[in-house]
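1. Based on what follows, work out the 3D shape:
(chains A, B, C and D, ligands or ions: 6)
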Amino acid sequence: MTGRAMKTDKNDRRPNLAVEIAGIRMKNPVMPASGTFGYGEEYAPYLDLEQIGAIVTKGLSLNPKAGNPTPRIAETVSGMLNAIGLQNVGVDAFIQYKLPFLREINTPVIVNFFGNTLEEYGEVARRLADIPEVAGLELNISCPNVKQGGIVFGTDPKAASEVVGLVRKHSKKPLIVKLTPNVTDITVVARAVEAAGADAICCINTLTGMAVDVKTRKPRLANKTGGLSGPAIRPVAVRMVHQVVQAVKIPVIGVGGIVCAMDALEFLIVGATAVQVGTANFVDPRAMPNIIEGIETFCIEEGISDIRELIGSIQL
Amino acid sequence: MTGRAMKTDKNDRRPNLAVEIAGIRMKNPVMPASGTFGYGEEYAPYLDLEQIGAIVTKGLSLNPKAGNPTPRIAETVSGMLNAIGLQNVGVDAFIQYKLPFLREINTPVIVNFFGNTLEEYGEVARRLADIPEVAGLELNISCPNVKQGGIVFGTDPKAASEVVGLVRKHSKKPLIVKLTPNVTDITVVARAVEAAGADAICCINTLTGMAVDVKTRKPRLANKTGGLSGPAIRPVAVRMVHQVVQAVKIPVIGVGGIVCAMDALEFLIVGATAVQVGTANFVDPRAMPNIIEGIETFCIEEGISDIRELIGSIQL
Amino acid sequence: MRNYKTVILSNQEISSGYYRMRILVPEIGKVARPGHFVMFRVQTSLPPLLRRPFGIFRTGFLPADCDGQPAKEYLEILYKVVGQGTTIMSGLHEGDRVEVLGPLGRGFDMGTSNTEKILVGGGIGLVPLYMLARELIKTSKVRLLMGGRRRDDIIVVTEFERLGVETYVSTEDGSLGEEGLVTQVLERKLRKFPNADVYACGPMPMLEAVQRICATHKVPLQVSLEALMACGVGACLGCVVKGVGHTDQTPRYLCTCKEGPVFRAEQLDWRKMAQDDGYCEGCKS
Amino acid sequence: MRNYKTVILSNQEISSGYYRMRILVPEIGKVARPGHFVMFRVQTSLPPLLRRPFGIFRTGFLPADCDGQPAKEYLEILYKVVGQGTTIMSGLHEGDRVEVLGPLGRGFDMGTSNTEKILVGGGIGLVPLYMLARELIKTSKVRLLMGGRRRDDIIVVTEFERLGVETYVSTEDGSLGEEGLVTQVLERKLRKFPNADVYACGPMPMLEAVQRICATHKVPLQVSLEALMACGVGACLGCVVKGVGHTDQTPRYLCTCKEGPVFRAEQLDWRKMAQDDGYCEGCKS
Ligand SMILES: Cc1cc2nc3c(=O)[nH]c(=O)nc-3n(C[C@H](O)[C@H](O)[C@H](O)COP(=O)(O)OP(=O)(O)OC[C@H]3O[C@@H](n4cnc5c(N)ncnc54)[C@H](O)[C@@H]3O)c2cc1C
Ligand SMILES: Cc1cc2nc3c(=O)[nH]c(=O)nc-3n(C[C@H](O)[C@H](O)[C@H](O)COP(=O)(O)OP(=O)(O)OC[C@H]3O[C@@H](n4cnc5c(N)ncnc54)[C@H](O)[C@@H]3O)c2cc1C
Ligand SMILES: Cc1cc2nc3c(=O)[nH]c(=O)nc-3n(C[C@H](O)[C@H](O)[C@H](O)COP(=O)(O)O)c2cc1C
Ligand SMILES: Cc1cc2nc3c(=O)[nH]c(=O)nc-3n(C[C@H](O)[C@H](O)[C@H](O)COP(=O)(O)O)c2cc1C
Ligand code: FES
Ligand code: FES
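-> Ligands and ions are numbered 1, 2, ... in the order given. Reported below is the predicted structural model:
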C-alpha cells in the first residue's frame, strides 16, 4: 500500500484505455453482455451510457419471440440460472422503437442476434446490414435455452462455420461470433468461425445448469435447465478465453463472471481485447463504470500508459 | 415450520437410507469424492468412518506419481481450482501400506484409479482384482490435470469404451466409471461406457478452469489450468447427472458442489443413487455426517420411509 | 430511480419472523409513490448474489435532534424472513451499510375521488397498501381487509387505524379477528359497497380469488404482484407475467418490475397465470 | 485434533494491520505444542470457501470471575490482514461464532537442553516462536532475532522479553532497532555461539538466507513453512514442498500440513524450493 502512493505520484497522467475490435473503436474495453442490459435505455438512469466502451443489445430474432414460461431465473451459489428463452421484440421493432434512443448516444451499438433456422440468421443480418447506427453484429450461436437456434450451431464446428459464412454474405458489418462453453474443445469451434469470416470472437455464453426445489421436487426453472452465469463460472471463462486467444488471430472479447476490475483484468491479461459484464449489472447497476475506473487506477498504479500493454501480458 | 413438528410425530421411525450400487451395499448414499479424502485415515480423527456409505480413495496409478509443481490450489468465488496432478503412492504401496488401515473398518472401500496408457489402466485393475478389501473400482477417465491418462479417454467415446472394456476384462469387481463434464454431450460418453461394461457412472469430475494473479500476471496454478470444484459448479453437475440418468440404465453417483443435505437431495431427486462429497470435506471435516443426518431428517419430515422413494422423484 | 449507498437506521422484529427496517434515503419522499418497490442489497457480502425486491412500506423523517444532528429522511420496508437473503437481513443493525435501488416500478392509480376504497392485504402483502391508504384517505373512505394464516401474520394494522382506515381482520385459524379467508369478508363488503375500487396485494391464490370476486361484482381492481427478479429495471426479462391475449404467437409478457408490480386486473391473463408456470414457487404461498 | 465450534473471546488490533484473536477452546493446552497450527473458519458465511491456516501463538486461561463465570481456556492467534479472509476476520467481535480445526501438524523438536537457542522471526513469522520460547526457556538460554520491513511489523517482542528471552530487533528501514536484515544479526550471533540450535519462521527469502547461514556454520536449523492449504490434514496434497532427493521419478513431496509445518532444514530440497514453483506467491513476501 505504500508502493501504491509512490507509483501514483510518478504516473499521474491518465492511461489510454481505448481499444478497437474489428474496426469498432471503443473508449475503453468494457461493455455489457447481451441480455443483461436490455436495449440500453433500462440502465440509462444509473450510468452514463457514453462512458462505456460499447452497448450490446438483448438478442434479436427475425420475429418477436415469446421466450420461455416462468419461473425463468433461479439464484445459485455465486451465480444464477436463466432460461429467458431469448424473448425479444424482433429485429424490425428494434429498429423502429429501440434504435432511436441509442442513436442519440455517442457509443457504438453492437446488436446481438440469432435465428431459429440458418435462413433466419441470414435474414436478420441482412435487415441490419444497412443501418448506420449499428456498429457491429454479435452472432449468438450459443444460447442453451432454446431448442432450435443457438446452441446447436455453436457445438458443431461445421454448422457454426456455415451460419457464419451465410451471415458474412449478408452483411459487411464487423462480425463478432459468440461461442458456447458447453463443448469439449472450444478452440475447434473458434478456428472454424474464424475461417468462415468472423472478425472477432466473444466467449463465453452461459454453462448449462439445473437446480431443483427439494420440497416440490420440481426444477426451479420451468424450462428445467438454464444458463449458469455470474462469478461462479469465471475460472471456466478465463480458461476458455485463454485457449481461444492462443488458437485464433482475430480479437477475443472475454465474458463470464466479471464483477470488479480485478476480474476484468484477468481476462485482459490472458489476451482478451475487451470484456463484457453480465450478471454483475443486476447486482450493481454501476458495475461497469466502477470496473472502468478500477482498470484505470490499476494502470496508473502499475505504470501502464496504454491498456494494450496489458492485453495478453500473461507470464506463462 | 409447524408442519415440521406434526409430520415428525407421525413418522418417528428412522427411514431406511441404504442403497446398493453394482452390488456394493452402503448404509447410506453418502461417500467422499476421490482425492478429497486421502486414503481414509486422514479424516479418521474427525468422523466415524463406519458412518458413511463408502470410502473412496485418492486416485492410484501403477507407479508412484509425483504430481504437479506448486502452487497446486487456488481459491475462487465459491469454488477452488486444483492441479494436484494425481500425486499418489502407486497401487502396490497402497495395497501394502494404506489398505491395512481400511481393512479394519466396516465400510466398503472403492478404489479410484487411472493409467498413463491404456495398458496401465488394465494393469492397475488387474493388481486390485483379487484384493478382497476392495469393494469396487472407480475408473477415472476425467482428470483434467495430467497430460496423458485421464481426460483424453474421457472426452472421446471410443477411447472411453476401449479403456472400460479392457479394465472389465481384467477385473470382475464392480466398476464405476467417472466422467468429465468438459464435453459437449455427456450422454454420448455415458452410453459408450455403459455399453462397454461399466456397472455404474460417477459424474462429474472438475470443470477445467484458470485464474490469474493480476499483480504478477502469472496463472495462480503452476500447471496454468486446474479443475474447478465446490458449490460454484453444482448447477452444472445436477444438470449432467439428470441427463446421464435419463440416458443409461446403470446407477449414477452424483458429485459436484455438495455442501449440505439440501444439495445432496437435489442429486438424489434427479436420480442419483448415491452422492459424493468433495471440496466440502476441506471446509468442514464433518460435512458427510452432517449431510447424512440432514437427509434422514428430511425423510422423516416428508414422511419418506425409504430413501429409494426419493431417488429419481423429480417432477418434470 | 437511483442506487443509494446508505445505512440502516433501525431494524426491529415486529412480530414473530416479521421485521421492519428503516433505511436512510435522502429526499425519498419526493419520488416514492404508493406501490413502488426497491431492490435491496446487503453491501459487503456476495451471497446472496442477487438483490431482493421489497415494497416501500412508507417514507418518513427523523426530526433533527438536540445534539445538532440534522433531520433524516428514511424509507421503511417490512419483511418476512423466508430464506437466505431475509435471514441475513434480519441480522443487520443500525449503521450497517446497504444499497437500495429505487424507487422502482409502476405504482397504484389513485382512482376517482370519493368512491369507497377497499384494500385487501394478505400477510406481508399488506406492505404497499399503507402508503396507498395514506393517499386515498385524503379524499375517500378507506377500508382495509387484512388476512393471514394466524395471529402472527397480522401486522401493523393499528397503523392503518391511526390513519383513519376502517380495518377488518381475519385469520385462517381464527387466532385473531374473524375465522376464515379474507375473500369472504371482501364478498360481504362488495355487496354493501357495489361501487368500490379494490386494491389487493398478497399471495397468488388470494389474488386469484379477489380477481374472481371483483370480476363478478364488476368493480375495478388493481393488484400488486410478486415475481422472481434479477435486475428490477426491465433488463433481464426474468420477472414477466402473461398479459391478456398472450399466446406463444402473440407474446404479451409484461415485466412485473417495470410495467408492474401494480397492474389493473384486466391487463393480466388470469387463466394463464394460474397455470403452473405462471408464477414462482416463492410467491405462491 | 478436533473441529471446535466455538466463539471469539476477543479480537484486537495490536499494530497497524496486525490483530490478536482469542478463541475459546476448552483443554487446548493439553494438546497444542509449539509449532502447531489451526485451520480457521468464519462460521456463518460461505466466502471465503476454504479455511485459513494460522499458527498457534499461545494458549492460556481466563480466570474464573466473581460473577461465577468458570475459568475459560483459550487459544490465541496473531494475524496480519492480507486478503479476503483476514479482512473478514478483522471485523469479527467477541461472541462471534467460529470454527477451528486443530491443533494440526508437526511442531518443533526441542533439541538438546542447555545449548544456546536462537529464534529468528520475520514479521508475522514470529507467531509460532512464542510457545517455543516458553518451552525452551525452561532449560536453555533463548535469543530472539526479530526482523521486519518497518516498525509496524515488529510485534509482541515485549512478550518474549517478559519470558526472559533476549531480543534483537532489526528493520529494513531502520524505523525500529538496527537497520538491515535479521540475517545479518544471525551471522554475528552464530560467530559468537557456534553451537546454537536455530529455529526460524518468516518469509521464504529470509528462510533461504537463514538456511544458507546455518549450513555454513553447520548448526541445526528447524524452519516453519507456509503453503497454500485446502484441507490442513494431509488429504488434498495441495500444500506439498519438495523434500531432499526429490525428482520427478523419485517424488519426495512432503505435506506442509502434516509432515510440517516445521521441518528440519536437511529434510528439504532448498535449491528446488527456491525455484519459482516451489512455494506460493502469498508466502514469498
Ligand atoms: C415487487 C415485490 C415486492 C415485494 N415486497 C415485499 C415486502 O414488502 N416484504 C416482504 O417480506 N417480501 C416482499 N417481497 C418478496 C421478497 O422479495 C422475498 O421474500 C425475498 O426476495 C426472499 O428472499 P430470500 O433470500 O429470503 O429467500 P430465498 O428463497 O432464499 O430467495 C431465493 C431467490 O428467490 C427470490 N424470491 C423468493 N421468494 C420470493 C418472492 N416471494 N417474491 C419474489 N422473489 C422471491 C429471491 O429474491 C431470491 O432471488 C416482494 C417481492 C416483489 C417482487
Ligand atoms: C502453517 C501456517 C501458519 C500460518 N500462520 C500464520 C499466522 O500465525 N499469522 C498470519 O497472519 N498468517 C499465518 N499464515 C498465513 C495465513 O494463512 C494467510 O495470511 C491467510 O490464509 C491469508 O488469507 P486471506 O484470505 O486474507 O488472503 P487471500 O490472499 O485472499 O487468500 C487466498 C488464498 O490463499 C491462501 N493464502 C494467502 N496467503 C497465504 C500464506 N501466506 N500462507 C498460506 N496460505 C495463504 C489463503 O489461505 C486462501 O486460500 C500461516 C500459514 C500457514 C500455512
Ligand atoms: C438474464 C440473461 C439473459 C441473457 N441473454 C442473452 C442473449 O440474449 N444473448 C446472448 O448472446 N447471451 C445472453 N446471455 C449471456 C450473457 O451475455 C453472458 O454471456 C453470460 O451471462 C456470462 O456472463 P456473466 O457471468 O457476466 O453474466 C444472457 C445472460 C443472462 C444472465
Ligand atoms: C484436491 C482435489 C483432488 C482431486 N483428486 C481426484 C482424483 O484423484 N481422482 C478423481 O477421480 N477425482 C479427483 N478430484 C475430483 C473430485 O473427486 C470431484 O469429482 C470434484 O471435486 C467435484 O466435487 P466437489 O465439488 O464436491 O469437490 C479431486 C478434487 C479435488 C478438489
Ligand atoms: S427483474 Fe429484470 S426484467 Fe424485471
Ligand atoms: S493442506 Fe491438504 S494436504 Fe496439506
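2. Which strand or helix spans A:Lys169?
-> helix A:157-170 (DSSP states H and E).
3. After that helix, which helix or strand is next?
-> Later in the chain than helix A:157-170, the nearest helix or strand by DSSP H and E is strand A:175-178.
4. What is the neighbour count of C:Pro70?
-> Per other C-beta atoms under 10 Å in any protein chain shown, the neighbour tally for C:Pro70 reads 9. All C-beta atoms are positioned from the backbone trio N, CA, C, and that covers glycine.
5. Does the longest helix anywhere in chain C reach chain A?
-> If you go by DSSP state H, chain C has its longest helix at helix C:204-217. No. Using C-beta under 8 Å from any C-beta of the partner chain, helix C:204-217 stays clear of chain A, coming no nearer than 11.9 Å.
6. What lies in contact with that helix?
-> Here helix C:204-217 makes contact (C-beta atoms under 8 Å, 6 or more residues apart in numbering or on different chains) with C:120, C:122, C:125, C:147, C:181-183, C:186-187, C:190, C:194, C:198, C:200-202, C:220-221, C:223, C:225, C:265, C:270, C:273-274, C:278-279, C:283-284.
7. Going through these, which ones are buried?
-> C:120, C:122, C:125, C:147, C:181-183, C:186, C:190, C:198, C:200-202, C:220-221, C:223, C:225, C:265, C:270, C:273, C:278-279, C:283 (16 or more other C-beta atoms under 10 Å in any protein chain shown).
8. Tell me which of the residues you listed fall in helices.
-> Using DSSP H, those in helices are C:182-183, C:186, C:190, C:270, C:273.
9. would you turn these into CSV with distance to ligand 3?
-> CSV is the format used below for these (distance: C-beta to the nearest ligand atom, whole Å):
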residue, distance to ligand 3
C:Val182, 35
C:Thr183, 36
C:Leu186, 37
C:Leu190, 41
C:Trp270, 26
C:Met273, 21
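10. Pull the most distant pair out of those residues.
-> Greatest spatial distance in those: C:Leu190 and C:Met273, 21.9 Å, computed using C-beta to C-beta.
11. mind listing the helices for the stretch 201-316 of chain A?
-> Secondary structure of the stretch 201-316 of chain A (DSSP state H, counting those that start in this stretch): helices at A:234-247, A:261-270, A:280-283, A:287-302.
12. Quick check: mean pLDDT of the longest one?
-> What it means is helix A:287-302. Mean pLDDT, helix A:287-302: 96.
13. now the end-to-end length of stretch A:277-285.
-> 11 Å (C-alpha to C-alpha, to the nearest Å).
14. Do it and chain B come into contact?
-> No. Stretch A:277-285 lies out of reach of chain B by C-beta under 8 Å from any C-beta, never closer than 11.6 Å.
15. Could you measure from the nearest residue to C:Pro48 once chain neighbours are set aside over to ligand 3?
-> In space, and not counting its chain neighbours, C:Pro48 is closest to C:Gly85: 4.4 Å by C-beta to C-beta, 6 or more residues apart in numbering or on different chains. Separation of C:Gly85 from ligand 3 (C-beta to the nearest ligand atom, to the nearest Å): 18 Å.
16. how would you label C:Gly85: helix, strand or coil?
-> helix (DSSP: H, G, I helix; E, B strand; the rest coil).
17. do the same with A:Ile110
-> strand.
18. What about residue 95? Give its phi and psi, please.
-> Picking chain A for this. phi -60, psi -40 (degrees, to the nearest 10).
19. Next, the contact list for it, please.
-> A:127-128, A:131.
20. So which of these is surrounded by the most neighbours?
-> Going by other C-beta under 10 Å, A:Leu128 tops the contacts of A:Ile95 with 23 neighbours.
21. Leaving out chain neighbours, which residue sits closest to that residue?
-> Spatially, and ignoring its direct neighbours in sequence, A:Leu128 is nearest to A:Val134 (5.2 Å; C-beta to C-beta, 6+ apart).
22. Tell me the pLDDT of that neighbour.
-> For A:Val134, pLDDT reads 96.
23. just checking, it touches A:Arg103?
-> No. Look at A:Val134 against A:Arg103 with C-beta atoms under 8 Å: they stay out of range, at 10.4 Å.
24. between these two, which one's more packed in?
-> A:Val134 (22 against 12).
25. how many other residues sit next to C:Val240?
-> By other C-beta under 10 Å, neighbour count at C:Val240 equals 27.
26. related to what we said a few turns ago, could you dump the helices of the stretch 201-316 of chain A into TSV with distance to A:Ile253 and mean neighbour count added?
-> Listed next are the helices of the stretch 201-316 of chain A as TSV, based on distance: least, C-beta to C-beta, whole Å; neighbours: other C-beta atoms under 10 Å in any protein chain shown:
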stretch	distance to A:Ile253	mean neighbour count
helix A:234-247	9	25
helix A:261-270	9	25
helix A:280-283	16	25
helix A:287-302	14	20
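27. Export those helices as a markdown table, with columns for distance to ligand 5.
-> As requested, the helices of the stretch 201-316 of chain A are exported to a markdown table (distance: least, C-beta to the nearest ligand atom, whole Å):
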| stretch | distance to ligand 5 |
| --- | --- |
| helix A:234-247 | 22 |
| helix A:261-270 | 22 |
| helix A:280-283 | 7 |
| helix A:287-302 | 15 |
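28. right, and these - which one's nearest chain C?
-> helix A:280-283 (4.4 Å; C-beta to the nearest C-beta).
29. what about that closest one, near ligand 1?
-> No. Helix A:280-283 does not reach ligand 1 (C-beta under 6 Å from any ligand atom); its nearest approach is 10.1 Å.
30. taking the mean pLDDT, what do you get for that helix?
-> 96.
31. before we move on, what about stretch C:169-182?
-> Rounded mean pLDDT across stretch C:169-182 is 89.
32. what comes into contact with that stretch?
-> Contact partners of stretch C:169-182, identified using C-beta under 8 Å, 6+ apart, comprise C:120-122, C:145-151, C:153-154, C:157, C:168, C:184-185, C:202, C:206, C:209.
33. gap between the residue in the stretch 101-250 of chain C that chain B sits nearest to and ligand 6?
-> Nearest residue of the stretch 101-250 of chain C to chain B: C:Arg150, at 8.9 Å (C-beta to the nearest C-beta). Distance, C:Arg150 to ligand 6, by C-beta to the nearest ligand atom: 50 Å.
34. ok, that residue - contacts?
-> C:Arg150 touches C:171-173, C:175-176, counting by C-beta under 8 Å, 6+ apart.
35. and what of A:Lys65?
-> A:85-88, A:90, C:251.
36. now the strands for the stretch 101-250 of chain C?
-> Using DSSP state E, counting those that start in this stretch, the strands of the stretch 101-250 of chain C run over residues C:117-122, C:142-148, C:166-171, C:178-179, C:197-201, C:221-224, C:240-242.
37. of all those, which lies closest to B:Gly254?
-> strand C:240-242 (32.1 Å).
38. residue ranges with poor pLDDT in chain C?
-> Applying pLDDT under 70 to chain C picks out residues C:43-46, C:66, C:274-285.
39. neighbours of C:Glu184, just the number please.
-> Quick fix: residue C:184 is Gln, not Glu. 16.
40. if I look at it, how far off is B:Glu266?
-> 40 Å (C-beta to C-beta, to the nearest Å).
41. And A:Arg4, what's its pLDDT?
-> 44.
42. from the stretch 101-250 of chain C, which residue is nearest to ligand 6?
-> The nearest approach of the stretch 101-250 of chain C to ligand 6 comes at C:Ala230, 36.9 Å away (C-beta to the nearest ligand atom).
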